[in-house]
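Chemist: Following is a predicted model, sequence given first.
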Amino acid sequence: MNRELFSSTIQNLNSVYVTHFASNESVPSFFHEKYCYHASLQKCYTKEALSHTISNLPHHAIWEIQDLLGLRVFLFRLDDHIWLLGPFVTDKFSEKRTQSVLIKNGLSASYIPSLRLFYSSFPLIMEQELLHNLNALIKSFVPKEPEYTFRHISTDNMGDTYSDTNAEYKTRFDYQSIKKRYEHENTFLNMIEKGDTDHVLEAFDKMTMSDLNSRRYINAIYYDPKTSMAMIRALSRKAAERGGVPLMEINEITQRIAQDTLHLHNEKDYIKSMHSLILSLTKAVKRHKISDSNLTSPILKVVSFIRSNYTQDIDLYELATISGYTNAYLSREFKSQMNMTISDYIRTLRCEKAARLLRESDLPISSISSYVGYHDNNYFVKVFKKQYSMTPTKWRKDNSKIN
């Protein structure tokens, strides 16, 4: 079996992370280091727990592991390899649910902003769609494989609870149809990544009309508008990220449009919403490519890093390492090309984000302060007032969109 083709097909068809390794090898350390944010909340993703789970993983079975945060991973054996799909999420971030989990585990609310960012960095996937596609691909690549059973394993503080769901997936996927869909998706994603606002919707329409979307090949689940929206959102987010748009901005765009889709009921409105999402992300790519066109490569690397991490503590030495410059030379070059100091740029990004949250949400100012990187609320008020010549309270009063 061509494992790399199998892996890339899953990844591009479902926009889900794929990891695989030989059955006699240990779980790659990067998985735990990258995806286990907090051991108390994600006991199932510690290296020891994953190793134990995999040691008990039978052949011809797909296990779904879910942690307390709602992150999920598919595990299965195929072609003498262990395969991990994910992590992914099946629902948008819920502050109320997260707060409950934190309280039960004796953790403070200060984790919520960082958990929101962590959770939102994973693709939003329709579980049944992924399972359907996976079974179809296994059949396509290894026709003699028996049907795979499915088991969901969720973890709580008392241990593991198991619920089995055995299902047969008799599909009519074939390699050529999957390849054709893959090509259409690549064209569509390249349009977003390049910021091609003139042709991206045309590429999207061509993708959705591909043979793979024919009813000859696809179960009715693919015609559910919410499923389609989740697929397009996941694909488009990744393309925009590769196009240079900061993760924070991508999240803002997708979350804003996701809110607008909550009360949609017909296919026409969902398509309109998908067009809006695609065009907004493509415009963001185009805007960043234009604004960054006059920056040298080292400064562009620094700017991109700051845009993705401005809510965290950023060290000048770390930025100098990224740019390849000394601290002093980086500071001079940054100010020369950006017309502001590094500190001023970070402050501007934080205050702009805070202003949007003040305008579009009813979150407490102290929570917004912590969310954008200022853990001292009094200092945040001082910085915000310097940036906007008014306090956060006054800004919210004058600009709020919340009734």
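Modeler: That came through, no problem.

Chemist: Model confidence for Lys34, exactly?
Modeler: Lys34 carries a pLDDT value of 82.

Chemist: Just to be sure, it is in a helix?
Modeler: Yes - applying DSSP: H, G, I helix; E, B strand; the rest coil, one finds Lys34 inside a helix.

Chemist: How many neighbouring residues does it have?
Modeler: By other C-beta atoms under 10 Å, 12 other residues sit near Lys34. (Each C-beta comes from the backbone N, C-alpha and C, glycine too.)

Chemist: any idea how far it is from Tyr329?
Modeler: Using C-beta to C-beta, to the nearest Å, Lys34 is found at 32 Å from Tyr329.

Chemist: what does Leu137 give?
Modeler: Counting by C-beta to C-beta - Leu137 and Tyr329 are separated by 51 Å.

Chemist: Kindly report the same for His132.
Modeler: To Tyr329, His132 is 54 Å away according to C-beta to C-beta.

Chemist: So for those two, which sits in the more crowded spot?
Modeler: His132 (20 against 13).

Chemist: Show me what the strand or helix carrying that one packs onto, helices and strands only.
Modeler: Using DSSP states H and E, His132 maps to helix 127-141. Under the contact criterion of 3 or more C-beta pairs under 8 Å, 6 or more residues apart in numbering; DSSP states H and E, helix 127-141 touches helix 3-14, strand 61-66, strand 72-78, strand 81-88, helix 175-194, helix 225-242.

Chemist: can we see that at 6 Å?
Modeler: helix 3-14 (3 or more C-beta pairs under 6 Å, 6 or more residues apart in numbering; DSSP states H and E).

Chemist: Now do the helix it packs on and strand 72-78, the angle between them.
Modeler: 150 degrees (axes from the mean of the first three to the mean of the last three C-alpha atoms, to 10 degrees).

Chemist: Could you give me the buried positions within the helix holding His132?
Modeler: For helix 127-141, the neighbour count (16 or more other C-beta atoms under 10 Å) marks 127, 129-141 as buried.

Chemist: Any chance of JSON lines for the residues you listed, columns pLDDT and distance to Glu267?
Modeler: Listed next are those as JSON lines, based on pLDDT from 0 to 100; distance: C-beta to C-beta, whole Å:
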{"residue": "Glu127", "pLDDT": "83", "distance to Glu267": "22"}
{"residue": "Glu129", "pLDDT": "83", "distance to Glu267": "17"}
{"residue": "Leu130", "pLDDT": "87", "distance to Glu267": "22"}
{"residue": "Leu131", "pLDDT": "88", "distance to Glu267": "24"}
{"residue": "His132", "pLDDT": "86", "distance to Glu267": "20"}
{"residue": "Asn133", "pLDDT": "85", "distance to Glu267": "21"}
{"residue": "Leu134", "pLDDT": "90", "distance to Glu267": "26"}
{"residue": "Asn135", "pLDDT": "87", "distance to Glu267": "26"}
{"residue": "Ala136", "pLDDT": "86", "distance to Glu267": "24"}
{"residue": "Leu137", "pLDDT": "88", "distance to Glu267": "27"}
{"residue": "Ile138", "pLDDT": "90", "distance to Glu267": "30"}
{"residue": "Lys139", "pLDDT": "86", "distance to Glu267": "29"}
{"residue": "Ser140", "pLDDT": "84", "distance to Glu267": "28"}
{"residue": "Phe141", "pLDDT": "87", "distance to Glu267": "32"}
